[in-house]
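**Student:** I would like the atomic coordinates for the input below:
(chains A and B)
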Amino acid sequence: MSLDPVDAVVIGTGAGGAPLLARLAAAGLKVVALEAGRHWTPGDDFATDEVAQSKLFWTDERLSAGGNPINFGKNNSGIGVGGSTLHYTAYTPRPQPTDFRLREQFGVGVDWPLSYDDLAPYYAEIEAFLGVSGPADYPWGPPRPAYPLAPLPLNGAAQLMQRACADLGIRTAPAANAALSGSWWQPGYGWRPACTNRGFCQAGCSTGAKASMDVTYLPFAVAHGAQIRAESYVTELPTDAAGRLTGAVYVKDGVTHYQTAAHVFLCAGAVETPRLLLLNRLANASGQVGKNFMAHTGMQVWGTFDQMIRPYKGIPGGLISEDTNRPADADFAGGYLLQSIGVMPVTYAGEVARGRGLWGDALTAHMREYNHVAGINILGDCLPYAGNELTLSDEIDGRGLPKPLVTFTAGDNEKRLTAHAEKIMRRIWDAAGGHDVWSYDRYAHTIGTARMGTDPAASVVDPDGRAHDVPNLTICDNSVFPSALAANPALTIMALSLRTADRFLARGARGEA
Amino acid sequence: MTAYPAHSVTDLIGGALLTPATAAALRDRIAPVDPPAKTVLDERQLAVLAAVAARLVPQPDRPTPIDLAARLHRRLADGKGDGWRYADQPADAELVARGLDALAAAGFAGRDGAGQDELLRNVQAGGADWPGISSARWFEEVLAGVVDLYYSHPLAQEEIGYAGMADARGWQDVGFGARAAHEPEPVA
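**Tutor:** You can find the predicted model right below:
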């Protein structure tokens, strides 16, 4: 069944798709968003229970290979109206200007074809729109406007880290978090209440205090006429004889639909976006689709303390330090940030099992100290390497499509960065009086796979997000990142999303394609 | 070793401190699981799995242990995985079944607890030569599976003093050492 044509169809409703959907709708365009997952009613549907909330994770099977196989599911891509913002931690640091310039500074990786200054106005706009909570005077980087709301309260882990870092001469600050420290009027949605410190950001916010897309940009888009079709899984992107996309074919309730559109925005994340491109043999004259897969260095160091932490309470990532963005004694390119972390028990037990290999009495005895556990996490850069990539496997999934195969092996730079970070994190927990300190080496977020660049032979999209080879296809999500950046990706994805929409609208205003 | 009073979680169910969605999830979790309509493990494999689970997550103080083998079987049969698997290993149900067969062949059930642990340590270290599968990855997947099932059970959450499910009112004070009246305190 072919549906009446629209100006634009947007595939995916997460941090990449939602802001641009809102921007295009507000400009008066007829826009439709297709989302593979359900449209939840968080107050009724979200339990404070980790297993029940696994419904927010993309659990179609992905095959993980390489020296550091990535754990997908929990941490690495979501499903549902709002995408992975339904389960992001709401941690929204800005990258530093030099993060965009790794090749210029260190001679490795690639530089972004746009700069921090290009994105800074969008960072400020998004922080002001979402109601980001953070300090008035942020200690690192170029001056930025005061965050619109005061910082969220620091939980036990954050307070411990704050004290120990003060003793060690490491600067810290309450982190920027896209969760509300006071009630907030959200245009298109209504009042969002202040955070109740439920601590469950990574498994779905039931109150609307966390700025996931379903309570911010998406209702704003709908108020401006956008349509969101949930449980609509895109299988095909047909082209005409001239190589232009004609719309998107999707399956909803077992029925195949065909939404025709003048423009297609692909915002499905760094796994499903390249998967759709490869399945449809699109935008790949460069051979770069699926290449350059990156994942943030994300080691966690846990300690057990005499005091009661009760790590399930409060915003999980309360405290930040960016003193390690460019450490003076670094033997690696790039840098990382430090973040205090709380943790929910099933997640922690899973890390103890997989990362530490504890079982039997050693496991249950360790878990009895759960209330005394506090963590620090890094979020660090990662370089692209040949061979770290996404391809289509020869295994077919439940939808009849090939499963993605993701190969990832950390390089020397990631290992040296992680070793540097582990030393600092252990020093902090030692200074705080931690015992039984242990590290969990992990890689988080999916990045790359449809790189942005100016050279059509070496990248998939141009700096405006337009596919080099397909005139009316635009891509916006973490797949277009040329480098990983030493900051959590959601804020930058949203900034790119608004910029991509503005560039698209400006071209339209000039009468260009 | 820290211990907490019994019933700290079960007493919350049905009360004003839990939202209906959370209470429903916990009630569902406590209920015994039905065997899957279409089994993926046979009786012999299930018996070995139960013996393995008892070594991985011992429950000496529980009159009726949480039936981790039945729960893992149900999860494997439902085919709802966690979103990924090691590319060099077969699908979860097949991986688990093959490892259980190999353990059965090694006489796992006939050993005493110490002997079973010795065998499992070798499996965990990747020392068991199992055709077509890695014993280390088998061990990691089975351990992660039973640990997830155990610590998502309200009775195990009582054991570790977790009170995060009390979501209806949130938390007033999240700072260092702060405690609300319904957060359990350790017992001697």
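
**Student:** ok, A:Y116 - contacts?
**Tutor:** A:94-97, A:99-100, A:142 (Cβ atoms under 8 Å, 6 or more residues apart in numbering or on different chains). (C-beta placed from N, C-alpha, C; glycine too.)

**Student:** hmm, 7 Å instead?
**Tutor:** When contacts are counted by Cβ atoms under 7 Å, 6 or more residues apart in numbering or on different chains, A:Y116 touches A:95, A:97, A:100.

**Student:** count the neighbours of the first one for me.
**Tutor:** Around A:P95 sit 25 other residues, with neighbours defined as other Cβ atoms under 10 Å in any protein chain shown.

**Student:** continuing past the helix or strand encompassing A:H420, what's the next helix or strand?
**Tutor:** Here A:H420, judged by DSSP states H and E, is contained in helix A:412-431. The helix or strand immediately downstream of helix A:412-431 is strand A:435-440, counting by DSSP H and E.

**Student:** what's in contact with that next one?
**Tutor:** Counting by Cβ under 7 Å, 6+ apart, A:299-304, A:351, A:355-356, A:422, A:426, A:429-430 sit against strand A:435-440.

**Student:** where in chain B is pLDDT low?
**Tutor:** Across chain B, nothing is flagged by pLDDT under 70.

**Student:** so which of the contacts of strand A:435-440 is the most crowded?
**Tutor:** A:W302 (27 neighbours).

**Student:** A:M367 contacts A:G350, doesn't it?
**Tutor:** No - look at A:M367 against A:G350 with Cβ atoms under 7 Å: they stay out of range, at 11.1 Å.

**Student:** and which of the contacts of A:Y116 is nearest to A:M494?
**Tutor:** Nearest to A:M494 among these, counting by Cβ to Cβ, is A:P95 at 12.7 Å.

**Student:** pLDDT value on the closest one, please?
**Tutor:** Note on A:P95: pLDDT of 98.

**Student:** any idea how far A:A18 is from it?
**Tutor:** Distance, A:P95 to A:A18, using Cβ to Cβ, to the nearest Å: 20 Å.

**Student:** how about stretch A:393-411: buried residues?
**Tutor:** By 16 or more other Cβ atoms under 10 Å in any protein chain shown, the buried positions in stretch A:393-411 come out as A:393, A:402-408, A:410-411.

**Student:** returning to that earlier point: can the helix holding A:H420 be said to contact chain B?
**Tutor:** No - if you take Cβ under 7 Å from any Cβ of the partner chain as the test, helix A:412-431 misses chain B, and the best it gets is 14.8 Å.

**Student:** ok, now stretch A:298-306?
**Tutor:** No - shown here: stretch A:298-306 not in contact with chain B (Cβ under 7 Å from any Cβ), separated by at least 9.5 Å.

**Student:** show me what from the stretch 51-200 of chain A comes close to chain B.
**Tutor:** Counting by Cβ under 7 Å from any Cβ, the stretch 51-200 of chain A sits next to chain B at A:51-52, A:57-59, A:61-65, A:69, A:71-73, A:153-156, A:159-160, A:196-199.

**Student:** circling back: okay, the helix holding A:H420 in CSV with CA atoms only?
**Tutor:** Extracted C-alpha coordinates of helix A:412-431, given in CSV (Å, rounded to 0.1, in the frame of the first residue of the first chain):
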residue,chain,number,x,y,z
ASP,A,412,47.5,0.5,21.4
ASN,A,413,46.1,4.0,21.8
GLU,A,414,43.0,2.7,23.5
LYS,A,415,45.0,0.4,25.7
ARG,A,416,47.5,3.1,26.8
LEU,A,417,44.7,5.6,27.5
THR,A,418,42.8,3.0,29.5
ALA,A,419,46.0,2.1,31.5
HIS,A,420,46.5,5.8,32.3
ALA,A,421,42.9,6.1,33.4
GLU,A,422,43.0,3.0,35.5
LYS,A,423,45.9,4.3,37.5
ILE,A,424,44.1,7.6,38.3
MET,A,425,40.8,5.9,39.2
ARG,A,426,42.6,3.5,41.5
ARG,A,427,44.4,6.4,43.2
ILE,A,428,41.1,8.1,43.7
TRP,A,429,39.5,5.1,45.3
ASP,A,430,42.5,4.4,47.4
ALA,A,431,42.5,7.9,48.7
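
**Student:** ok and it relative to strand A:435-440, angle-wise?
**Tutor:** If you take axes from the mean of the first three to the mean of the last three Cα atoms, to 10 degrees, helix A:412-431 sits at 160 degrees to strand A:435-440.
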